[in-house]
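K.L.:
Okay, predicted coordinates and the sequence, questions at the end:
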Amino acid sequence: MNLLPIAAIALTPALFFLLALVYLDSYKLTSLRSVLVVLIAGAAMAGIAFFCNGALIRATGLDVVTYSRTVAPWVEETLKALIVACLFRTHRIGFHIDAAILGFAAGAGFGVVENAAYMALTPHATIGTWIVRGLGTSVMHGAVTAIVAVLALTVHDSRSKASPLAYLSCLLTGVLLHAIFNQFFLSPLVSTVLTILILPGLLLEILTHGQRRLARWLGAGFDADARMLELLDSGDFPESPQGQYLKSLQGRFSGPVVADILCYVRINLELALRAKGLLMMRETGFDVPVDDETTAKFKEIDYLERSIGTTGLLAIKPMLQLSREDLWQLKLLGH
């Protein structure tokens, strides 16, 4: 049997859908480099899952079919969720759009490598098998991980301090969706058709909703940052709540450190405005590169953070009130 068409069916559908998601992101929140890194991370997790699943099959004594329906979803979704957790930890996810894209990239990398391994182990499988695995299994891996990432972001945004159980429920949803797919209640082919009809459509709806939400945040956030920067430049700043808070720090830190703190706040606001302006330009079709001045501001931020120190940075947190979106937009300029 010719391996080229088989490889195309088994390995490319999830990758093409990922490219479609990246293309449909009018704000270009995720760079191709970030997508590629997450794709490789998902592929690496597939390699880890291969050895974990093999060890657990031997340990439990389950046959492959029973194992794939009961235990495998737990192992595989947990490994993919670790990538999502790392993206949150490093502030690489800010909105539903990039949560869906990067989540799908992690799952797609996993699914493609899993299918490649399956091709090596079962070279004489029928064309129907590759249709199910290429259009069904690999797309399922991407879509489920994307859904887990979006749910985790929703949990984070809906609570000031979400409990671990709330995040665990996101993982459980992914495990459940994966397990349902593996049951093949109707038939593998019908399950595949339902997968490519339902899950990609759901992701496209998430993308559309995320773009509307991002547009609202950009408008409100741009105005708030501009007002704060205007306040810093005005003579009214010392009498403002922010000015009074900064004044209260003078008894705890030396004059030069307080001056560095004020400079640090100003540069953060300027970078926030630049990031929002960059997104607005991208949405209208202009891809504006990060200029040397912005790069220099990041270097100054690094210097000021060392000068202010850990204690000083903790002290100005109430003044900056950096949200997850604020931290994310700084990563957007810096990546």
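P.N.:
Arrived safely, thanks for sending.
K.L.:
Quickly note the distance from Val193 to Val132.
P.N.:
According to C-beta to C-beta, to the nearest Å, Val193 stands 10 Å off from Val132. Where C-beta positions appear, they are placed from N, C-alpha and C, glycine not excepted.
K.L.:
Those two: which is more packed in?
P.N.:
Val132 (23 against 16; other C-beta atoms under 10 Å).
K.L.:
State the three-state secondary structure for the more buried one.
P.N.:
Taking DSSP: H, G, I helix; E, B strand; the rest coil as the rule, one finds Val132 in the helix state.
K.L.:
and if you look at Ala125?
P.N.:
Strictly by three-state DSSP, Ala125 counts as coil.
K.L.:
who's in contact with it?
P.N.:
Residues near Ala125 by C-beta atoms under 8 Å, 6 or more residues apart in numbering: 118-119.
K.L.:
I'd like to know which helix or strand in the chain has the lowest mean pLDDT.
P.N.:
helix 324-334 (a mean of 59; mean pLDDT, DSSP states H and E).
K.L.:
okay, now Arg58: neighbour count?
P.N.:
By other C-beta under 10 Å, neighbour count at Arg58 equals 9.
K.L.:
and what of the one 5 residues further on?
P.N.:
For Asp63, the tally of surrounding residues (other C-beta under 10 Å) stands at 9.
K.L.:
Phi first, then psi, for it.
P.N.:
phi -70, psi 160 (degrees, to the nearest 10).
K.L.:
Please tell me the pLDDT value assigned to it.
P.N.:
Here, the pLDDT recorded for Asp63 equals 94.
K.L.:
Next: Val37.
P.N.:
If you check Val37, the pLDDT there is 96.
K.L.:
Show me what the single longest helix found in the chain is packed against.
P.N.:
In the chain, assigned by DSSP state H, the helix with the most residues is helix 188-233. Other elements packing on helix 188-233 under the criterion 3 or more C-beta pairs under 8 Å, 6 or more residues apart in numbering; DSSP states H and E are helix 13-24, helix 96-121, helix 127-131, helix 138-158, helix 255-283.
K.L.:
how about a cut-off of 6 Å?
P.N.:
The contact analysis (3 or more C-beta pairs under 6 Å, 6 or more residues apart in numbering; DSSP states H and E) places helix 188-233 against helix 96-121, helix 138-158, helix 255-283.
K.L.:
Next secondary structure after the shortest one?
P.N.:
Same thing as helix 138-158. Counting by DSSP states H and E, the element after helix 138-158 in chain order, helix or strand, is helix 164-183.
K.L.:
Just the residues contacting that next one, thanks.
P.N.:
68-69, 73-74, 77, 81, 140, 144, 148, 151-152, 155 (C-beta atoms under 6 Å, 6 or more residues apart in numbering).
K.L.:
mind redoing it with 7 Å?
P.N.:
For helix 164-183, the surrounding residues in contact (C-beta atoms under 7 Å, 6 or more residues apart in numbering) are 68-69, 73-74, 76-78, 81, 140, 144-145, 147-148, 151-152, 155, 159, 191, 195.
K.L.:
Buried ones among these?
P.N.:
Those of these that meet the buried threshold are 68-69, 73-74, 76-77, 81, 140, 144-145, 147-148, 151-152, 155, 191, 195, by 16 or more other C-beta atoms under 10 Å.
K.L.:
Distance to Thr310 and mean pLDDT for the helices and strands packed on helix 188-233 - can I get that in a markdown table?
P.N.:
Below are the helices and strands packed on helix 188-233 laid out as a markdown table (distance: least, C-beta to C-beta, whole Å; pLDDT from 0 to 100):
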| stretch | distance to Thr310 | mean pLDDT |
| --- | --- | --- |
| helix 96-121 | 29 | 93 |
| helix 138-158 | 24 | 90 |
| helix 255-283 | 12 | 77 |
